[in-house]
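> coords please:
(one chain, ligands or ions: 1)
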Amino acid sequence: MATMRVLVTGSTGLVGQAVQRVVSENPTEGEEWIFVSTKDADLTDFEATEALFQKHKPTHVIHLAAMVGGLFRNMKYPVDLLRNNLHINDNVLYNSHKFGVQKCVSCLSTCIFPDKTTYPIKETMLHLGPPHPSNFGFSFAKRMIDIENRAFNKQYGCKFTSVIPTNVFGPYDNFNLQDGHVMPGLINKIFIAKRDDTPFTVWGTGAARRQFIYSYDLAKLIVWVMREYEEIDPIILSVPEEAEISIKELAEMVIEAMEFTGEVLYDTTKSDGQLKKTADNAKLRGYLPDFKFTNMKQAVKETVDWFVNNQDIARK
Ligand code: NDP
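Down below sits the predicted model:
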């Protein structure tokens with residue numbers, strides 16, 4: 001008889017697929033895992049969410065589902081990103097309370113932090129100023145998760161918490177050139193350049209620096225948070241500050257992993273975005289000083305191989 005029934009929302013996505021891998025590699029006695037996506041319930045719909053909780057009666061929830069989008073989608077549809085995410089998050093958290101869930105772990109993002117800030121970013125800075133205007137709808141909806149976590153804890157003693165990942169990458173990412181993030185975009189562009197024998201163009205100068213976390217490492221950390229982390233306050237899940245790399249270094253890693261030998265161009269008319277967004281993983285290191293992140297080159301290679309070998313199912 002399972003003592004923990006863990007419901008994972010958004011389980012078909014980049015992070016959810018990695019959680020499925022971690023759980024299947026390390027089955028733990030007494031844990032039952034239920035992986036759901038839009039096929040099981042549209043979480044923007046209160047009744048559908050309630051029916052999902054009624055059906056599965058989870059004791060724990062890992063809440064990954066979100067309406068996400070790149071810069072273009074964020075700028076064009078701020079109402080949809082704000083309202084859909086507010087509804088998804090409120091429906092999941094309210095029903096977690098209603099059905100007596102013992103712990104709920106939700107996902108924030110470093111991209112929702114104040115636009116004007118000091119570096120490195122720390123967990124305590126989340127509400128210390130407005131987010132970047134380009135994604136304010138998404139950001140304020142996500143920030144409300146932390147507000148609800150505190151409110152549910154204060155009024156009902158619920159153990160609802162959140163994690164804050166930096167840029168995630170890995171198999172099952174969205175490789176669409178308009179909508180996707182930087183790493184899957186570079187991979188798909190090189191794939192096309194190889195196929196069509198055309199140059200590979202990186203947008204911007206390549207100088208911007210970012211911390212990338214492999215979805216497999218992130219999934220291990222999220223499962224650890226679900227099992228062991230007892231705080232309501234969020235925790236940044238990131239590689240260390242020293243592991244921050246430039247987009248140029250990243251492009252070179254992808255080029256090597258894909259064995260691309262064609263011409264490489266940098267379109268400097270395109271914006272670099274914020275030059276850095278360094279996050280501080282001191283809190284995580286305090287808890288797990290010995291956690292080993294996958295070597296970046298190896299993680300990039302695994303992601304590239306997955307994309308090349310799964311053209312039929314990859315989102316692109
Ligand atoms: P994906 O876009 O890869 O996956 C999104 C998941 O959410 C899918 O399983 C999707 O289901 C589900 N979903 C979307 N809308 C609904 C809905 N209305 N009802 C039910 N399920 C829904 O996202 P990621 O895996 O990249 O992101 C997971 C979490 O991590 C998100 O909360 C995101 O904000 C956060 N995050 C991601 C980062 C990144 O770099 N990717 C960085 C930091 C945080 P379906 O497949 O059926 O559509």
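> spit out the contact partners of the closest residue to residue 100 other than its chain neighbours.
Leaving aside its sequence neighbours, residue 100 sits nearest to residue 59 (Cβ to Cβ, 6 or more residues apart in numbering; 7.9 Å). (Each C-beta comes from the backbone N, C-alpha and C, glycine too.) Residues near residue 59 by Cβ atoms under 8 Å, 6 or more residues apart in numbering: 3-6, 100-102.
> including pLDDT, distance to residue 67 and neighbour count, could these go into CSV?
Formatted as CSV, these follow (pLDDT from 0 to 100; distance: Cβ to Cβ, whole Å; neighbours: other Cβ atoms under 10 Å):
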residue, pLDDT, distance to residue 67, neighbour count
3, 89, 33, 9
4, 95, 28, 16
5, 97, 26, 16
6, 98, 23, 24
100, 98, 27, 11
101, 98, 22, 23
102, 97, 27, 12
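> among these, which are in strands?
Mapping the contacts of residue 59 onto strands (DSSP state E) picks out 4-6.
> out of the contacts of residue 59, which is nearest to the ligand?
Among the contacts of residue 59, residue 6 lies closest to the ligand (Cβ to the nearest ligand atom), at 15.5 Å.
> tell me the spacing between that closest one and residue 121.
Using Cβ to Cβ, to the nearest Å, one gets 29 Å for the distance from residue 6 to residue 121.
> looking at the chain, which helix or strand is least sure?
The weakest-scoring helix or strand in the chain, judged by mean pLDDT, DSSP states H and E, is helix 71-76 (a mean of 79).
> is any residue of that helix near the ligand?
No: judged by Cβ under 6 Å from any ligand atom, helix 71-76 makes no contact with the ligand; its nearest approach is 11.3 Å.
> cool, and stretch 200-214?
No: under the criterion of Cβ under 6 Å from any ligand atom, the ligand is not reached by stretch 200-214; the shortest gap measures 8.3 Å.
> quick one: terminal-to-terminal distance for that stretch?
Stretch 200-214 has an end-to-end distance of 24 Å (Cα to Cα, to the nearest Å).
> what are the boundaries of the strands in this structure?
For the chain, applying DSSP E gives strands covering 4-9, 31-35, 60-63, 103-107, 160-165, 167-169, 200-203, 209-210, 212-214, 235-237, 245-246, 264-267.
> adjacent strands (with direction) for the first one?
What it means is strand 4-9. As defined by DSSP bridges, the strand partners of strand 4-9 come to strand 31-35 (parallel), strand 60-63 (parallel).
> state the distance from residue 272 to residue 152.
39 Å.
> interface residues of the protein facing the ligand?
Proximity of the chain to the ligand, by Cβ under 6 Å from any ligand atom, involves residues 9-16, 37-39, 42-44, 64-68, 88, 107, 109, 165, 167-168, 174, 181.
> and the strands paired with strand 4-9 as a markdown table, adding distance to residue 185, mean neighbour count and mean pLDDT?
Below are the strands paired with strand 4-9 laid out as a markdown table (distance: least, Cβ to Cβ, whole Å; neighbours: other Cβ atoms under 10 Å; pLDDT from 0 to 100):
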| stretch | distance to residue 185 | mean neighbour count | mean pLDDT |
| --- | --- | --- | --- |
| strand 31-35 | 27 | 18 | 97 |
| strand 60-63 | 26 | 25 | 98 |
